[in-house]
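> When you get a sec, could you give me coordinates for this:
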Amino acid sequence: MQLARFLVEAVVLGKQSPNQLVREHPISRSWFYELLARYRREGPAALEPKSHRPASCRHQVDRAVIEAILELRAELSAAGLDAGPQTILHHLAGRFDKTPSRVTIWRILKRQGLVTPQPHKRPKTSFVRFEAQLPNELWQTDATEWHLADSSKVEILNLIDDHSRLCLASVAVRTVKAADAVQTFYSAAEEYGLPARFLSDNAAVFSGKSRRGRVALESELDRLNIQCVHSTPYHPQTCGKVERFHQTLKLFLAKQAPAQSLAHLQLQLDAFRTIYNQQRPHRALDGRTPLQAFNARLKASPSPAQAQLDYRIRRDRLDSGGRVTLRYLSRLRHFHVSYRHRGEPVMVLVAGDHVRVIAEDGALLRELTLDPSRDYQRSTAPTLVRHQVRQRSAST
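Below is the predicted model of the structure:
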């Protein structure tokens with residue numbers, strides 16, 4: 001434009017030939033004569049740069065749609081739920097005859113200053129993603145910390161399906177113990193079926209490798225023919241889906257009233273689990289909810305022989321003699337567990353006629369196969385212990 005101003009002023013003020021200037025300078029003849037006409041009509045202001053923006057745009061988003069987008073963004077953020085363009089588009093569907101695309105919604109949010117640039121993030125092309133092909137092909141579990149209203153620390157044990165991102169369980173406890181991990185697994189298996197593989201980190205309740213043994217959960221997975229997999233130490237990306245679920249869950253909990261107790265926190269977890277599984281669209285699932293993705297395909301499972309095994313789990317307490325009673329084949333069966341642990345709470349794992357009794361700390365107290373011909377099962381207690389029990393019974 002500086003060249004155009006110089007040439008126009010050379011013609012108007014310097015009385016030079018327009019044709020000669022056009023031949024000597026890289027400028028279109030038609031464009032130069034148009035500038036001359038504009039200068040004679042409007043004066044020097046005609047040579048200032050002007051916007052090429054059209055006066056109107058037929059595909060411009062209506063103001064009512066923009067206001068609805070901003071309102072949804074505020075509502076979802078206030079509730080601690082995902083408020084990205086994909087989620088807003090999901091909630092916007094059906095409210096207007098014509099809805100903008102996901103990219104358009106992102107641009108509207110950016111123009112309003114609601115999108116924070118994050119140039120430090122790795123590009124998506126550098127990610128190496130894996131995903132199970134079927135529901136129940138792989139489960140992921142992990143525990144994360146949270147605080148109650150009195151600042152006391154608790155833990156939340158989460159279990160999700162790798163393929164559908166379905167939250168299978170979300171349980172609040174003071175500290176996750178081996179028995180909690182086993183009970184959470186069986187509760188999810190009873191509702192959704194058994195998985196083919198089970199992935200966790202190397203926490204003490206999930207892995208006994210550091211102690212050169214097997215914890216209660218690993219033993220149960222082995223018995224059910226479920227492949228147990230642990231992530232590489234100090235590499236949380238292996239369990240990335242459940243780690244990302246922690247972030248989504250905590251964003252929701254931070255917007256709720258501080259939980260006064262474990263029961264209060266569990267109510268909040270149950271409410272979030274319903275929203276997450278049944279109402280919230282998941283971007284990794286093409287806008288479907290996890291429950292829709294879970295029900296869309298056939299389910300993977302362990303070997304058929306193990307998958308058909310009748311199993312149950314129950315909490316009990318050893319009686320004064322260290323015994324426990326359970327019903328098997330419509331009859332009560334009694335067996336001795338541990339006189340030293342009498343009166344203590346235990347977890348009884350029943351799989352057909354195979355029974356395992358586990359203490360609160362995950363220690364295996366007794367394992368036996370029920371004899372259907374006997375109501376009182378044979379005791380495996382040492383002879384000395386049985387002798388001491390008889391002496392105490394005689395003295396009383």
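> Please count neighbours and contacts with C-alpha atoms only from this point.
Will do.
> So the residue positioned nearest the centre of the chain: helix, strand or coil?
In the chain, the residue lying closest to the centroid (C-alpha atoms, centre = their mean) is residue 245, at 2.5 Å. At residue 245 the chain is in helix, as set by DSSP: H, G, I helix; E, B strand; the rest coil.
> can you pull the pLDDT of it?
pLDDT, residue 245: 95.
> distance of it from residue 282?
Distance of residue 245 to residue 282, given as C-alpha to C-alpha, to the nearest Å: 11 Å.
> Over to residue 108?
The spacing between residue 108 and residue 282, counted by C-alpha to C-alpha, is 21 Å.
> Look up how far residue 34 lies from the residue nearest to the centre of the chain.
Distance of residue 245 to residue 34, computed by C-alpha to C-alpha: 63 Å.
> Then residue 215?
86 Å.
> For these two, work out which one has more neighbours and name it.
residue 215 (21 against 11; other C-alpha atoms under 10 Å).
> My understanding was that that one contacts residue 203; is that so?
No. Using C-alpha atoms under 8 Å as the test, residue 215 is too far from residue 203 to be in contact (10.5 Å).
> For stretch 358-367, list every residue counted as buried.
358, 359, 362, 366 (16 or more other C-alpha atoms under 10 Å).
> Sorry, slip of the keys, the one I care about is stretch 265-282.
265, 266, 268, 269, 272, 273, 276, 277, 279, 280, 281, 282.
> excluding its backbone neighbours, what's nearest the fourth one?
Spatial nearest neighbour of residue 269, excluding adjacent residues (C-alpha to C-alpha, 6 or more residues apart in numbering): residue 170 at 6.4 Å.
> Let's see the pLDDT reported for the one you found.
Here the pLDDT value assigned to residue 170 is 97.
> Let me know how buried it is, in neighbour terms.
Neighbour count of residue 170, defined by other C-alpha under 10 Å: 20.
> Could you do the one 3 residues further on as well?
Counted with other C-alpha under 10 Å, the neighbours of residue 173 add up to 17.
> so where's the stretch 1-150 of the chain uncertain?
1, 124-128 (pLDDT under 70).
> Show me the helices in it, by range?
With helices called from DSSP state H, counting those that start in this stretch, the stretch 1-150 of the chain shows them at 2-12, 18-24, 29-42, 63-78, 85-92, 102-111.
> and residue 163, which of the ones you listed is closest to it?
Using C-alpha to C-alpha as the measure, helix 85-92 is the one of these that comes nearest residue 163, at 19.5 Å.
> Residue 345 is in contact with residue 315, isn't it?
Yes. In terms of C-alpha under 8 Å, residue 345 counts as a neighbour of residue 315; the distance is 7.2 Å.
> and the gap between the residue nearest to residue 5 when sequence neighbours are not counted and residue 345?
Nearest residue to residue 5 in three dimensions, chain neighbours excluded: residue 47, at 6.5 Å (C-alpha to C-alpha, 6+ apart). Distance of residue 47 to residue 345, computed by C-alpha to C-alpha: 90 Å.
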